[in-house]
Every structure is written in structure tokens, then in C-alpha cells.
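Novice: This is a predicted model, with the sequence first.
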Amino acid sequence: MVVSSDYPVSFYFTLSFSGVDAAFKEVSGISKELSVEEIVCGGENRFKYRLPTVSTSQNLVLKRAVVPVGSQLVNWCSSCIDQGLANTIQPQNVILSLLNANGIVCMQWTFNNAYPVKYAVSDLNSQESNIAIESIELAYTYFDISSNKTFDNLFTK
């Protein structure tokens, strides 16, 4: 078995929704977890039964430099968050693609029925010359993982 040392690096990625690509410096919150419920059985004092219940996930957090007015993503955030529940929230599928050094997709995560739940801007400080960062947090129903079969073959030879 030959194993390639060409593992994907995490700084080559793209994010898109509604056919629009958006650049971000950081994406976090890609996680799934199966919750368990502990059940005590009468007469059995040595252990508790641990039974699976539901799958949960964190919110997807996207960070980038503040974009001038006109960002379709920020407009979507505003329409969902500012209107509260007065208007129907329009969920979108958000696709995060991990690219190799040649720009070819290695892995892809599709976050289904995502919608914004939080928008924040980093602290503004006149004593520092940092770039202002906006953070967008998306809730979603579930995510799917797919990978490029060509890339997979590098690790299974």
C-alpha cells in the first residue's frame, strides 16, 4: 500500500451559496455529534445503558474582512435577521469546497437549509491598524460530505 504525502491543506477553500462565491479567511463549526441518553436499569448498579438519541451540529461560522455595501450574503443576513419572523426566512444550501494546490476540489461539504442567525463585526480600535472582520453565523439542518474520487485513489493505492 502506497500512501501519498499530498494531504490537502486547509487554506485553499471556496464557499458558495445561490450560485455566488464568497471569499472568507476562516470557516469553523464543521461538526456532527450523536447525543446519548443514559438509562438506569433497576437492580443493575454497575453501569448505565447509554442509548443514542439525536444527531446535533454546531453553527457554521464564517469570517472575512468587512465587505463594502452590496454583498449578496450580507443582504441575505439583513433580510433574515432584521425582519425577525415578519417575513419568511429563505434557507439556502451553502457549499464549502476544500481545494488542492492545483485548485481541484478534494472534498466538499454541503450545508442544507442554512440561514443566518448572527452577524457581528470585530471590535473597532483606533490604537491598532487591524482589518475590520465580519463574522456570519449560519444554522443548518444537516450537512453532507463528498469527496473527489481521484483524490481518494491517492490514499488507497
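Specialist: Good, I have the coordinates.
Novice: If you count neighbours, what's buried in stretch 85-100?
Specialist: If you call a residue buried by 16 or more other CB atoms under 10 Å, then stretch 85-100 has these buried ones: 89, 91, 92, 93, 94, 95, 96, 97, 98, 99, 100. C-betas here are computed from N, CA, C, even on glycine.
Novice: Next: stretch 22-35.
Specialist: Applying 16+ other CB under 10 Å to stretch 22-35 flags 22, 24, 27, 29 as buried.
Novice: measure that stretch end to end?
Specialist: Across its full length, stretch 22-35 reaches 33 Å between end residues, using CA to CA, to the nearest Å.
Novice: How confident was the prediction at the residue lying farthest from the centre of the chain?
Specialist: Here the chain reaches farthest from its C-alpha mean at residue 43, the gap being 44.7 Å by CA atoms, centre = their mean. If you check residue 43, the pLDDT there is 80.
Novice: how near is it to residue 91?
Specialist: 48 Å (CB to CB, to the nearest Å).
Novice: again, but for residue 131
Specialist: For residue 131, the distance to residue 91 - CB to CB - is 30 Å.
Novice: try residue 18
Specialist: 11 Å.
Novice: do residue 31 as well
Specialist: On the measure of CB to CB, residue 31 and residue 91 end up 20 Å apart.
Novice: Point out where the chain drops to low pLDDT.
Specialist: Within the chain, the segments meeting pLDDT under 70 span 1-10, 69, 148-157.
Novice: Now for it: which strand has the highest residue count?
Specialist: strand 105-121 (DSSP state E).
Novice: next one: the helix or strand following that strand to chain centre, how far?
Specialist: Next helix or strand after strand 105-121 toward the C-terminus (DSSP states H and E): strand 133-139. For strand 133-139, the separation from the chain centroid amounts to 10 Å (computed by CA atoms, centre = their mean, to the nearest Å).
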